[in-house]
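Student: Just need the structure, nothing else, for what follows:
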Amino acid sequence: MSSVAAALGEAAGNSPGAIAIQLREKDLDARQLYELALALRPICTRFSAPLIVNDRIDVAIAAGADGAHLSSASFAITDARTLLGPNRFIGISTHSAEEVAMAAARGADFAVFGPIYNPISKGAYGPVQGLTALAHAVKAAKGMPLYALGGINRSRASEIAALPQATRPAGVAAIGAVFGTSRPGNAAHELIEALNH
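Tutor: From the prediction side, this is the model:
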C-alpha cells in the first residue's frame, strides 16, 4: 500500500514511538477508499494506531476513522471541525512557518511540514525545506505537534531526533521509507528506533 503514510512520533494521546496511519490514495473513488478504510480500521484499532483519512472527510466519518488530514488547498480547518466534531483529529499539510502558525491558530491538532529532504516516494511539492526551515516551523507551531515529511529514512530520522528540544518536531512522517520496502513493519521499527536514540 504505497498510498498509506505512517506518522511516527508522539501522536496525540500516545507515547513516543507511536504510529498513526494516514490513508492517502487520490486515484480511488469514494467507494474504493471507504472499503480500504474499513479494512484498515480493525488493524489500526488492534495496534492502537490512529487512522487518518487524507482529504476525504466523508470517508473518514463513514469508516469511523480517527480523523482527516487536509491539504493546504482543502477544507478550512473550522469547516472540517464542524463536520468531524470535537473528538476526531484534524491534520494539515504545511510548507512554510507561516502556514504552520496559521494551522495552529485555527485549531489543527497537528501539522505535517516538508519536504525536509528530497522525497523518496514522489516528486517534491515545492522546494526542499531543510532542517533550518524545520526549526522555524517547530517554533511557529507553538506546541501543536508537527511532523517532518519528505525523504525521511533511518539516518535522517536520527538526524532529526538529534535536534535541540526547542527545534525538534514531534516525530516524522514517511511513505517511501516504509512502504517502498519489502518489509514495511521492519522499516517502521527502524525509524522508531532512530527517533528514540
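Student: residues touching the closest residue to residue 28 other than its chain neighbours, list them.
Tutor: Counting by Cβ to Cβ, 6 or more residues apart in numbering, residue 36 is the residue found nearest to residue 28 once chain neighbours are left out, at 6.8 Å. Every residue, glycine included, has its C-beta placed from N, CA and C. Contact analysis of residue 36 by Cβ atoms under 8 Å, 6 or more residues apart in numbering lists 23, 25, 28.
Student: what helix or strand is residue 36 on?
Tutor: Residue 36 belongs to helix 30-46 when assigned by DSSP states H and E.
Student: For that helix, buried residues please.
Tutor: Within helix 30-46, the residues that count as buried by 16 or more other Cβ atoms under 10 Å are 33-34, 36-37, 40-41, 44.
Student: what's the answer for stretch 142-156, then?
Tutor: 144-154, 156.
Student: State the mean pLDDT of it.
Tutor: Average pLDDT, stretch 142-156: 94.
Student: what's the span of that stretch from first residue to last?
Tutor: 24 Å (Cα to Cα, to the nearest Å).
Student: doesn't residue 59 make contact with residue 33?
Tutor: Yes: if you go by Cβ atoms under 8 Å, residue 33 and residue 59 touch, sitting 5.1 Å apart.
Student: quick one on the thing from earlier: if you look at the contacts of residue 36, which of them are in strands?
Tutor: Among the contacts of residue 36, the members found in strands (DSSP state E) are residue 23.
Student: From the contacts of residue 36, pick the one nearest residue 126.
Tutor: residue 25 (21.6 Å; Cβ to Cβ).
Student: now the strands for this structure?
Tutor: 4-9, 18-23, 51-54, 67-70, 89-94, 110-113, 146-149, 171-174.
Student: So which of those strands is nearest residue 80?
Tutor: Of all the strands of the chain, the one in closest proximity to residue 80, counting by Cβ to Cβ, is strand 89-94 (5.2 Å).
Student: Would you confirm that residue 100 contacts residue 140?
Tutor: Yes: in this structure, residue 100 is within contact of residue 140 by Cβ under 8 Å, at 4.4 Å.
Student: These two - which one has more neighbours?
Tutor: Taking other Cβ atoms under 10 Å, residue 100 and residue 140 do not tie; residue 100 has more neighbours (25 against 22).
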